[in-house]
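Colleague: Provided below for reference: sequence and predicted model.
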Amino acid sequence: MTFTVNNKKLTLHFLTVVGSTLHNLNGLNSDVDVKGVFTWDNEELLGLNEPADTLDKKNMSENDRFELMSELEVRFGRKFDDDLDLFEAKKFFKNAMKSDPNMLDMLWANEVSGMVLFCSNEFKKVLDNRMLFLNFELAKKRFLGMSFNTFKLGSKENNKNNFKDLAKSLQSLFSFKNLVENKEFSPRLKESQRREVLAVKNNSFFKEHKELVALVKVMRQDLEDECDQLELPESDNDLTKLNSLLLSLRGL
């Protein structure tokens, strides 16, 4: 599936819904987050003007973004006012190899019915080998780091998303715990975990912000202690095979 952005040709390989919709933590007013993977034509990569490795609101002109969204609407027969981020394949691979939670969401999105909007034959091979990206030691750093950072954000009273961020801090710990115990990633939490996260996100406890922060702090500490006691499985990061998969996306 080919597109043109700023007079440069690209091939879209993968497009999926992510975020709260994928996690089954969305509400009626939640945005729909969509992420994808693409490759530039090889002649674009080999030229002097190296093209962007990410296409999002930050590094696309309004006109280029409008044209891309319009093309996507025609191709997929749906309104594309979604929050869209596209990663060039090399950028995606590098981030996925660090067990970035957002990249793991993309790699395992097809485990949830209706989330994957498009997947090329070449990218199906990537999904078939997704365990090669998973590094459990790096995953621990990324998930626990994300939990710490979102807890700090959620602790700020003037943050309009403070309850949402506090919930994310718990979600990250649950996700890592499930990852190690199952030896495979899952975008969705167990139902009991989901209820706990939603209770914080929606403040079902009817607590003042400071009280909720104190409660989540205790919940996080218990979860962190559990995560620290988990024995991490061995990782199978075959760089030669990963490189081969990347080159195959470029038709090499």
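Modeller: Thanks, I have the structure now.

Colleague: for the helix or strand bottoming out on mean pLDDT in the chain, packing partners?
Modeller: Using mean pLDDT, DSSP states H and E, helix 42-46 stands out as the lowest-scoring helix or strand of the chain, at a mean of 81. With contacts taken as 3 or more Cβ pairs under 8 Å, 6 or more residues apart in numbering; DSSP states H and E, helix 42-46 sits against strand 8-18. The C-beta positions use only the backbone N, C-alpha and C, and glycine is treated the same way.

Colleague: Show me the strands paired with the strand it packs on, marking each as parallel or antiparallel.
Modeller: strand 2-5 (antiparallel), strand 33-40 (antiparallel), strand 116-119 (antiparallel) (DSSP bridges).

Colleague: low-scoring pLDDT stretches of the stretch 51-200 of the chain, where are they?
Modeller: 81-82 (pLDDT under 70).

Colleague: now with 90?
Modeller: 51, 57-84 (pLDDT under 90).

Colleague: can you map out the helices along it?
Modeller: Here the stretch 51-200 of the chain has its helices, by DSSP state H, counting those that start in this stretch, at 62-76, 89-97, 101-107, 121-128, 136-154, 162-182, 191-201.

Colleague: about what we covered before: of all the strands paired with strand 8-18, which one comes closest to Thr16?
Modeller: strand 116-119 (4.7 Å; Cβ to Cβ).

Colleague: got the buried residues for that closest one?
Modeller: The neighbour-count check on strand 116-119 (16 or more other Cβ atoms under 10 Å) flags 116-117, 119 as buried.

Colleague: Now do that strand: everything it contacts.
Modeller: With Cβ atoms under 8 Å, 6 or more residues apart in numbering as the test, strand 116-119 has contacts from 1, 12-17, 34, 36, 76, 109-110, 127.

Colleague: what does stretch 153-160 give?
Modeller: Where contact means Cβ under 8 Å, 6+ apart, the residues beyond stretch 153-160 that reach it are 161-169, 209-210, 213, 216.
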